[in-house]
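In: Starting from these lines, generate the structure:
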Amino acid sequence: MQTITKVALDAMGGDNAPAEIVKGAVDAVSSREDIKVFLVGQEDVVREELQKYPYPQERIEVVDAPEVIEMAEPPVQAIRKKKQSSLVVGMNMVKQREADAFVSAGSSGAVLVGGQTIVGRIRGIKRPPLAPIIPTETGISLLIDCGANVDARPEHLLQFAKMGSVYMENVVGIKNPRVAIVNIGAEEEKGNALVKETFPLLKECEDINFVGSIEAREIPHGGADVIVCEAFVGNVILKLYEGLSSTLIGVIKAGLMSNLKSKIGAALALPSLKKTLKAFDASQYGGAPLLGLKGLVVKTHGSSKAVEIKNSILQCVTFVEQGMNDKIKAGIQAEEMK
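Out: Model (predicted):
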């Protein structure tokens, strides 16, 4: 019998809600038969959007949540006061096992607070990190942490490395993934206090394949499979990555269309160019899971379109099938028993 992965989707979260969120849900259930999506949000608004599309009605269900947590609201206060918001209702569905995963393009702060206070941390996890997949020259890498813990300590980064290794091995399929810490040089003595204190912990850890420091310029070349840093550095890397990619694509397109000769050349090069640009399109990899929770919570970009929403939902299927939370839990608890 086919196992169905049930995903609670925040229909009201993000810059393009609910239109792109609903479309992403329809695209996801239309592409696979082993997914059911709960669209959590203001029922009338969500149903109005749903009416625009044909879809398998038994695999999309609307869950009414009349309140909305806005991007600018203080996260802790919003989670406490807006119990009927799409974000809180959706996370409670994961907590109560009514859904296997929760996906949101809404307030990052609210997702982080709700993930820890509603869904809850796995015992032994000190700080759950956000861990997006980023494209590289050789494939993909995991950037951990990119937004959850700006004031992390060495023991937190050590846990990030362990969780990232489990993720890359089980979800992505990279055996014995290479782990590196972001630094301003390759030498062990380089870096700030956090990096210098974390380096020996990673070096001595037998559970990971630590390859040393990685400079930012080596990240796009695929210098490591798991890239460890605290959230301030991680977020800067991620945003620069996104901005530079979109800028380069725009500049290349403008250059190719500048005169008749370049247009002819562009027509010849177009198939290969599209393939290359697609490989560096971060939207195809879905959102960033908040690792180390008792249930699956995935944060997608606030400006996500339907394709990112669809891929974030599909990402949840792999995560659930591989039993990621159980594997992280087993790894952390085994470490505690040593």
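In: where do the helices sit along this structure?
Out: Assigned by DSSP state H, the helices in the chain fall at 19-31, 43-50, 75-81, 86-95, 108-114, 154-167, 193-204, 231-256, 260-279, 306-321, 324-337.
In: would CSV of those with mean pLDDT and distance to residue 148 be doable?
Out: To be clear about C-beta, it is placed using only N, CA and C from the backbone, and glycine gets the same treatment. CSV is the format used below for those (pLDDT from 0 to 100; distance: least, Cβ to Cβ, whole Å):
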stretch, mean pLDDT, distance to residue 148
helix 19-31, 96, 22
helix 43-50, 96, 28
helix 75-81, 95, 12
helix 86-95, 98, 15
helix 108-114, 95, 5
helix 154-167, 95, 10
helix 193-204, 96, 15
helix 231-256, 85, 5
helix 260-279, 74, 27
helix 306-321, 92, 17
helix 324-337, 76, 15
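In: Figure out which of the ones you listed is closest to residue 289.
Out: helix 306-321 (6.6 Å; Cβ to Cβ).
In: what inclination does that closest one have with respect to helix 324-337?
Out: Put simply, helix 306-321 runs at 50 degrees to helix 324-337, going by axes from the mean of the first three to the mean of the last three Cα atoms, to 10 degrees.
In: What is helix 306-321 packed up against?
Out: strand 5-10, helix 19-31, strand 35-41, strand 101-104, strand 296-299 (3 or more Cβ pairs under 8 Å, 6 or more residues apart in numbering; DSSP states H and E).
In: most tightly surrounded among those?
Out: The highest mean neighbour count among the helices and strands packed on helix 306-321, using mean count of other Cβ atoms under 10 Å, belongs to strand 101-104: a mean of 31.
In: What is it packed up against?
Out: Looks like strand 101-104 contacts strand 5-10, helix 86-95, strand 296-299, helix 306-321 (3+ Cβ pairs under 8 Å, 6+ apart).
In: Next, count neighbours for residue 48.
Out: By the criterion of other Cβ atoms under 10 Å, residue 48 has 13 neighbours.
In: Please apply the same query to residue 128.
Out: Using other Cβ under 10 Å, residue 128 has 27 other residues around it.
In: and what of the one 4 residues further on?
Out: Number of residues near residue 132 (other Cβ under 10 Å) recorded here: 24.
In: Quick check on it: phi, psi?
Out: phi -80, psi 150 (degrees, to the nearest 10).
In: Wait, it touches residue 298, no?
Out: No. Residue 132 lies out of contact with residue 298 (Cβ atoms under 8 Å); the separation is 9.9 Å.
In: ok, back up a step: how about the helices and strands packed on strand 101-104 in CSV, adding distance to residue 226?
Out: Formatted as CSV, the helices and strands packed on strand 101-104 follow (distance: least, Cβ to Cβ, whole Å):
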stretch, distance to residue 226
strand 5-10, 25
helix 86-95, 25
strand 296-299, 18
helix 306-321, 16
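In: quick one, which of the ones you listed is nearest to residue 54?
Out: Closest to residue 54 of those, according to Cβ to Cβ: helix 306-321, at 15.2 Å.
In: which one of the helices of the chain is the most hemmed in?
Out: Mean neighbour count (mean count of other Cβ under 10 Å) peaks for helix 86-95 among these, with a mean of 26.
In: closest one to residue 273 among the helices and strands packed on helix 306-321?
Out: Nearest to residue 273, of all these, is helix 19-31, at 25.3 Å by Cβ to Cβ.
In: so how far is residue 19 from residue 54?
Out: Separation of residue 54 from residue 19 (Cβ to Cβ, to the nearest Å) stands at 16 Å.
In: oh sorry, the question was meant for residue 175
Out: The gap separating residue 175 from residue 19 is 41 Å, by Cβ to Cβ.
In: got the phi/psi numbers for residue 68?
Out: phi -130, psi 130.
In: Now it. Nearest residue, chain neighbours left out?
Out: Distance criterion Cβ to Cβ, 6 or more residues apart in numbering; nearest residue to residue 68, sequence neighbours excluded, is residue 12 at 4.6 Å.
In: Residue 105 is in contact with residue 301, correct?
Out: Yes. Contact criterion Cβ under 8 Å: residue 301 and residue 105 qualify, at 6.5 Å.
In: Can you work out which residues contact both of those two?
Out: Counting by Cβ atoms under 8 Å, 6 or more residues apart in numbering, the shared contacts of residue 301 and residue 105 are 14, 287, 308.
In: Give me the nearest residue to the first one, chain neighbours excluded.
Out: This means residue 14. Leaving aside its sequence neighbours, residue 14 sits nearest to residue 105 (Cβ to Cβ, 6+ apart; 3.0 Å).
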